[in-house]
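**Q** Curious how this folds, go ahead:
(2 chains)
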Amino acid sequence: MATHGPHADRPGVYLDAASSEPLLPAARTALLGALDGAWADPARLYGAARGSRLALDRARADVAGVLGTRPDEIVFTTSGTQAVHLGMLGALGGRRRVGRHLVVSAVEHSSVLHTAERHEADGGEVTVVGVDRAGRVDADAFASALRPDTALACLQSANHEVGTVQPVAEVAAACRAAGVPLLVDAAQSAGRVDVPAGWSLLTASAHKWGGPPGVGVLAVRKGTRWRSPLPDDEREARRVPGFENVPGAVAAAAALTALHAARATEGPRLSALVERIRTEVARTIEDVEVVGDPVARLPHLVTFSCLYVAGEALLTELDRLGFAVSSGSSCTADTLRPSHVLEAMGVLTHGNVRVSLPHGTTAGDVDRFLAVLPATVTRLRRSAGVGGV
Amino acid sequence: MRFRGRTRREAAEPLPAPVPEAPAGPPPALVIDALGRKCPIPIIMLAERIREVPVGAIIAVLADDVAARTDVPAWCRMKSQDFVWEETLPRGWGFHIRRTY
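**A** Numbers count the residues shown, from 1 in each chain, chains lettered A, B, ... in the order given. Below is the predicted model:
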């Protein structure tokens, strides 16, 4: 079995970049250098501290360059989830006098939806905008959910489970016309696809673009009202409490720069591999549905559902064969809930497989996966007693 | 809000009852009891037994796994069967499907 790059800790093919992209070599080099050279407190005034401050500011400028923002609009958080929490709660707090109405799409990441639940429990009001069968929000429906008392709207750049790209530009225009700030969760697309301009707040997560875990990014456009939901702290423009993870930020910036620089060639290449999976899965497996938009999608992610198969059983079996993939299915004792994304789309919630290709995935990796998949599905269907249905 | 995540609140809250549509046509010719069974078992039971009713007849699946509310209509769409209506039961739901072929 092929090893995926120099990073895999065991033989096998890793196809779950949407959960976490393996650390890019440029990020590893930058991380090791910064652990040695940028450990000092960036808030102090001696030489080593100034070195840390410089490294942090350079990382900030690099990230800002890729995301198309000003460096002073960017802060580093401890995760993408924290970026979402702080971005949403800060924007809601900053516009409390305008109103307490929040608009989100039905297929946002759970960090957005859980923050919305909290807002609702605190007396706020939430409107959830549904999606079509491809998982896409209707821009007009989103626009008509905006009200004079809407404090914030949230729309992901692309869906994390099915890869569908959302109409951010149209929604951003509607939000601007209504005077409502728009938070765009760009966790799945940062470094891979440019987010259209017009957002007020943007969030992302470094381990999803090949950076280290424990680093998120929150960008707040100048002029966007934002009030910290947390006690005052001097760090990161008073937006994120706690000592800065300077090596993490440096490595995150190196990874984002590298991924972004390679995307002109890597994007179309991965996209073609995804297209191959879309076609082959539908051709070689009976009773399968490839979900998500076939065209307006992320370059590296594809999801399909196999009838009559439990997703967990399929993932376990594929893991045994050396393939790491993910699933939106969650018919397990610990969650008891189907994926809210698949539910909102009205597609099968069981037998679901998400394949997301990390940087450098080869055609051979994909071919090996496609070679074992049909027989695996058939075997599981047989063992579940499904024959000829 | 329609998102129902892993919150403690959710466990205590019953799901919003859908407005029951008037059952179109005759009562089910066959009722499959999949109560207590996790997905995809209710779908498998449905697929295995739908041929027991004549074309045009109604088959009902009783299930209390919430995934069935999405999966039964999705199965009908994929297999070109006719999803008629969803009935809320004291425990779970009754999904009514008309066999089309």
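**Q** my guess is A:V13 meets A:A324, correct?
**A** Yes: A:V13 lies in contact with A:A324 (CB atoms under 8 Å); the separation is 7.1 Å. All C-beta atoms are positioned from the backbone trio N, CA, C, and that covers glycine.
**Q** Of the two, which one has the most company?
**A** A:V13 (24 against 19; other CB atoms under 10 Å in any protein chain shown).
**Q** if you skip the residues just before and after it, what's nearest to that one?
**A** Leaving aside its sequence neighbours, A:V13 sits nearest to A:D365 (CB to CB, 6 or more residues apart in numbering or on different chains; 4.6 Å).
**Q** secondary structure class for that neighbour?
**A** Per DSSP: H, G, I helix; E, B strand; the rest coil, the secondary structure class of A:D365 is helix.
**Q** can you map out the strands along chain B?
**A** With DSSP state E, the ranges of strands along chain B come out as B:30-33, B:58-63, B:82-88, B:93-98.
**Q** closest one to chain A among those strands?
**A** strand B:82-88 (10.7 Å; CB to the nearest CB).
**Q** So for the closest one, mean pLDDT?
**A** Across strand B:82-88, pLDDT averages out at 95.
**Q** can you give me how far it is from the chain middle?
**A** Remark: strand B:82-88 is offset 6 Å from the chain centroid, using CA atoms, centre = their mean, to the nearest Å.
**Q** Whether that strand contacts chain A - can you check?
**A** No: if you take CB under 8 Å from any CB of the partner chain as the test, strand B:82-88 misses chain A, and the best it gets is 10.7 Å.
**Q** which residues does A:L35 contact?
**A** A:L35 makes contacts with A:P247, as judged by CB atoms under 8 Å, 6 or more residues apart in numbering or on different chains.
**Q** Just the buried residues of the helix or strand that contains it, please?
**A** Per DSSP states H and E, A:L35 falls inside helix A:25-37. For helix A:25-37, a neighbour-count test (16 or more other CB atoms under 10 Å in any protein chain shown) marks A:P25, A:A26, A:A27, A:R28, A:A30, A:L31, A:A34 as buried.
**Q** B:T70 touches A:L342, doesn't it?
**A** Yes: applying CB under 8 Å, one finds B:T70 in contact with A:L342, separated by 6.7 Å.
**Q** joint contacts of those two?
**A** Overlap of the contact sets of B:T70 and A:L342 (by CB under 8 Å, 6+ apart) consists of A:L348, A:T349.
**Q** Could you check which of the two is surrounded by more residues?
**A** Applying other CB under 10 Å to B:T70 and A:L342 shows that A:L342 carries more neighbours, namely 28 against 21.
**Q** What helix or strand is that one located in?
**A** Using DSSP H and E, A:L342 sits within helix A:340-345.
**Q** Format the CA atom coordinates belonging to that helix as PDB.
**A** C-alpha atoms of helix A:340-345 as PDB (Å, rounded to 0.1, in the frame of the first residue of the first chain):
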ATOM      1  CA  HIS A 340     -27.900  18.000  10.000                       C
ATOM      2  CA  VAL A 341     -26.400  18.800   6.600                       C
ATOM      3  CA  LEU A 342     -27.600  15.700   4.900                       C
ATOM      4  CA  GLU A 343     -31.000  16.000   6.700                       C
ATOM      5  CA  ALA A 344     -31.300  19.600   5.400                       C
ATOM      6  CA  MET A 345     -30.500  18.500   1.900                       C
END
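**Q** Is any residue of that helix near chain B?
**A** Yes: contact of helix A:340-345 with chain B (CB under 8 Å from any CB) involves A:H340, A:L342, A:E343, A:A344.
**Q** Now pLDDT too, for those residues, in a markdown table please.
**A** Formatted as a markdown table, the residues of helix A:340-345 next to chain B follow (pLDDT from 0 to 100):
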| residue | pLDDT |
| --- | --- |
| A:H340 | 94 |
| A:L342 | 96 |
| A:E343 | 95 |
| A:A344 | 96 |
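**Q** Tell me the most packed of these, by neighbour count.
**A** The most crowded member of the residues of helix A:340-345 next to chain B, judged by other CB under 10 Å, is A:L342 (28 neighbours).
**Q** That residue and A:T349 touch, don't they?
**A** Yes: using CB under 8 Å, A:L342 makes contact with A:T349 at a distance of 4.6 Å.
**Q** okay, now the residue nearest to A:V13: neighbour count?
**A** Residue crowding around A:D365 was assessed by other CB under 10 Å; the count is 21.
**Q** Help me confirm that it comes into contact with A:L15.
**A** Yes: assessed by CB under 8 Å, A:D365 is found in contact with A:L15 at 7.3 Å.
**Q** is the top helix by length along chain B up against chain A anywhere?
**A** Ranked by residue count and defined by DSSP state H, the top helix of chain B is helix B:68-78. Yes: on the criterion CB under 8 Å from any CB, helix B:68-78 is in touch with chain A at B:R69, B:T70, B:D71, B:P73, B:A74, B:W75, B:R77, B:M78.
**Q** mind putting the strands of chain B in a markdown table, mean neighbour count included?
**A** Compiled in a markdown table, the strands of chain B are given as follows (neighbours: other CB atoms under 10 Å in any protein chain shown):
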| stretch | mean neighbour count |
| --- | --- |
| strand B:30-33 | 16 |
| strand B:58-63 | 23 |
| strand B:82-88 | 16 |
| strand B:93-98 | 23 |
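**Q** Any chance of a markdown table for these, columns distance to A:R276?
**A** What follows is the strands of chain B, written out as a markdown table (distance: least, CB to CB, whole Å):
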| stretch | distance to A:R276 |
| --- | --- |
| strand B:30-33 | 39 |
| strand B:58-63 | 36 |
| strand B:82-88 | 33 |
| strand B:93-98 | 35 |
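**Q** ok, now which ones touch residue 28?
**A** Answering for chain A, as no chain was given. For A:R28, the contact set (CB under 8 Å, 6+ apart) comprises A:A251.
**Q** other chain: chain B
**A** Neighbour list for B:P28: B:A57, B:I58, B:I59, B:A60, B:H96 [criterion: CB under 8 Å, 6+ apart].
**Q** same thing but 6 Å
**A** Residues in contact with B:P28, defined by CB atoms under 6 Å, 6 or more residues apart in numbering or on different chains, are B:I58, B:I59, B:A60.
**Q** again with A:W226
**A** If you count contacts by CB under 6 Å, 6+ apart, A:W226 has them with A:G90, A:A91, A:G94, A:V220.
**Q** Mind checking which of those residues are in helices?
**A** Residues of these located in helices (DSSP H): A:G90, A:A91, A:G94.
**Q** Which one (most neighbours) among the residues you listed?
**A** Counting by other CB under 10 Å, A:A91 has the largest number of neighbours within the ones in helices among the contacts of A:W226, with 26 neighbours.
**Q** Touching, that one and A:L152? I think so.
**A** Yes: with contact defined as CB atoms under 6 Å, A:A91 reaches A:L152; the gap is 4.6 Å.
**Q** ok, which stretches of chain A are strands?
**A** Using DSSP E, the strands of chain A run over residues A:13-14, A:74-77, A:101-105, A:125-129, A:150-154, A:182-185, A:201-205, A:216-220, A:288-291, A:301-306, A:323-324, A:352-356.
**Q** Let me have these in CSV, extended by mean pLDDT.
**A** Listed next are the strands of chain A as CSV, based on pLDDT from 0 to 100:
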stretch, mean pLDDT
strand A:13-14, 98
strand A:74-77, 98
strand A:101-105, 98
strand A:125-129, 98
strand A:150-154, 98
strand A:182-185, 98
strand A:201-205, 98
strand A:216-220, 98
strand A:288-291, 97
strand A:301-306, 97
strand A:323-324, 97
strand A:352-356, 97
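**Q** can those strands go into JSON lines with extra columns for distance to A:L315?
**A** Listed next are the strands of chain A as JSON lines, based on distance: least, CB to CB, whole Å:
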{"stretch": "strand A:13-14", "distance to A:L315": "13"}
{"stretch": "strand A:74-77", "distance to A:L315": "30"}
{"stretch": "strand A:101-105", "distance to A:L315": "26"}
{"stretch": "strand A:125-129", "distance to A:L315": "29"}
{"stretch": "strand A:150-154", "distance to A:L315": "29"}
{"stretch": "strand A:182-185", "distance to A:L315": "25"}
{"stretch": "strand A:201-205", "distance to A:L315": "22"}
{"stretch": "strand A:216-220", "distance to A:L315": "27"}
{"stretch": "strand A:288-291", "distance to A:L315": "15"}
{"stretch": "strand A:301-306", "distance to A:L315": "11"}
{"stretch": "strand A:323-324", "distance to A:L315": "9"}
{"stretch": "strand A:352-356", "distance to A:L315": "7"}
